[in-house]
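**Q** Sequence and predicted model, in that order:
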Amino acid sequence: MRGGQVDGEQRDRQVRRVIIIEGLANVAVLALKLAVGISTGSFAVLGDAIHSLGDVANNAVAWFVVRVSASPPDRHHPYGHRKFETLAVFVLATLLTVLGIELALGAVRREVQPTAGDRWALPVMFVVLLVNVSLATWEGAWARRLKSDILSADARHTLADVLTTVVVIVGWQVSARGYPWIDTACALAVALFVLSLAFGLFRRAIPVLVDRIAVEPESIIDAARAVPGVRRVKTARSRSKGASIAIDMVVTVDAGISTAAAHAIADDIEETLRARFAIEDATIHVEPEL
Ligand SMILES: [Zn+2]
Ligand SMILES: [Zn+2]
């Protein structure tokens, strides 16, 4: 796949491959941070390890999204599989929230003082930094090549992780030289970052799960009203299905026209809506008006 046009399925497969490599690298980073955190007693480093656990879960969700939610509707899921993604995001956000709170509590109620660690600990954290920088660069290049939103979002996140790790290393090293509260402060900052990641995920998942509107009803009504033959728009509802939206509406047409003509009007409405919104499902109910 050098440069030229790639078909959709092949592209999805490549996106998934990049996500798997990213996920494996994150598992390695998680193990290294965990080893350093436990051996030095630094809550900031342990917090950063928790963060990496969230990253691994994030990669798993991204893989799942590309794999499952894009699969076509089937007998048991006639509306498609998009909500599997949303549900996975919700579970991930819940997990991160619990971990973030535990980290914050652990840092505040600490009894151990962080130590500078064995000679290997600091170089290991520099390896972690190096891995993160190269991952972000590599993933960003693939994101541009495959024009993938999910990859570019993840690459940006990995770059933000570099900054977090720098803060964590500084906090741990300074506190080991006689200022233990610096490690606590850095751990709380990381906990806050973990919680804000969770908050962002909840904000993505909950509106979809509770069927919040996807577009203002007025804009649907205006679009439908502009279609020739439409008399009135009685109801217009929308909900989000992840990346796409579903709309259902009730419109009235002249009672005298044929079923075929009424159907053509419904088709026109659907086409108009499709041109304006990222619609996956449109159900248009037509009623006669005398
Ligand atoms: Zn991260
Ligand atoms: Zn299914």
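**A** Received it, and whenever you're ready, just let me know what you need. Numbering: from 1, shown residues only. Ligands and ions are numbered 1, 2, ... in the order given.
**Q** What parts of the stretch 101-250 of the chain come near ligand 1?
**A** Within reach of ligand 1 by C-beta under 5 Å from the ion, the stretch 101-250 of the chain has these residues: D161. C-beta coordinates here come from the backbone N, C-alpha and C atoms, glycine included.
**Q** Point me to the residue of the stretch 101-250 of the chain nearest ligand 2.
**A** Residue of the stretch 101-250 of the chain nearest ligand 2, by C-beta to the ion: K241 (14.6 Å).
**Q** Helices of the stretch 151-290 of the chain, residue ranges please.
**A** 180-209, 217-225, 259-276 (DSSP state H, counting those that start in this stretch).
**Q** Format these as CSV; extra columns: mean pLDDT.
**A** Listed next are these as CSV, based on pLDDT from 0 to 100:
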stretch, mean pLDDT
helix 180-209, 86
helix 217-225, 93
helix 259-276, 94
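**Q** For those, give me a markdown table that also has mean neighbour count and distance to L95.
**A** What follows is the helices of the stretch 151-290 of the chain, written out as a markdown table (neighbours: other C-beta atoms under 10 Å; distance: least, C-beta to C-beta, whole Å):
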| stretch | mean neighbour count | distance to L95 |
| --- | --- | --- |
| helix 180-209 | 19 | 8 |
| helix 217-225 | 17 | 35 |
| helix 259-276 | 15 | 37 |
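**Q** Now render these as CSV, adding distance to V91.
**A** Listed next are the helices of the stretch 151-290 of the chain as CSV, based on distance: least, C-beta to C-beta, whole Å:
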stretch, distance to V91
helix 180-209, 9
helix 217-225, 31
helix 259-276, 32
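**Q** Which residue ranges make up each domain of the chain?
**A** For the chain, the structural domains run 8-209, 217-289, going by automatic domain parsing.
**Q** winner for burial among the ones you listed?
**A** Of the domains of the chain, the one with the most neighbours on average (mean count of other C-beta atoms under 10 Å) is domain 8-209, at a mean of 18.
**Q** Are that domain and ligand 2 in contact anywhere?
**A** Yes: applying C-beta under 5 Å from the ion, one finds that domain 8-209 is in contact with ligand 2 at 74, 77.
**Q** That domain: how far from the chain's middle?
**A** Centroid displacement of domain 8-209 relative to its chain, using C-alpha atoms, centre = their mean, to the nearest Å, is 12 Å.
**Q** Let's see the pLDDT reported for the nearest residue to G117 once chain neighbours are set aside.
**A** Nearest non-adjacent residue to G117, counting by C-beta to C-beta, 6 or more residues apart in numbering: T40, 3.9 Å away. Per-residue pLDDT puts T40 at 88.
**Q** Okay, T40 and W138: tell me how far apart.
**A** To W138, T40 is 29 Å away according to C-beta to C-beta, to the nearest Å.
**Q** Next: A44.
**A** With C-beta to C-beta as the criterion, A44 and W138 are 27 Å apart.
**Q** Return the per-residue confidence for the residue in the stretch 51-200 of the chain positioned nearest to ligand 2.
**A** The stretch 51-200 of the chain approaches ligand 2 most closely through H77 (3.6 Å), counting by C-beta to the ion. The per-residue pLDDT reported for H77 equals 90.
**Q** SS state for it?
**A** Counting by DSSP: H, G, I helix; E, B strand; the rest coil, the backbone at H77 sits in coil.
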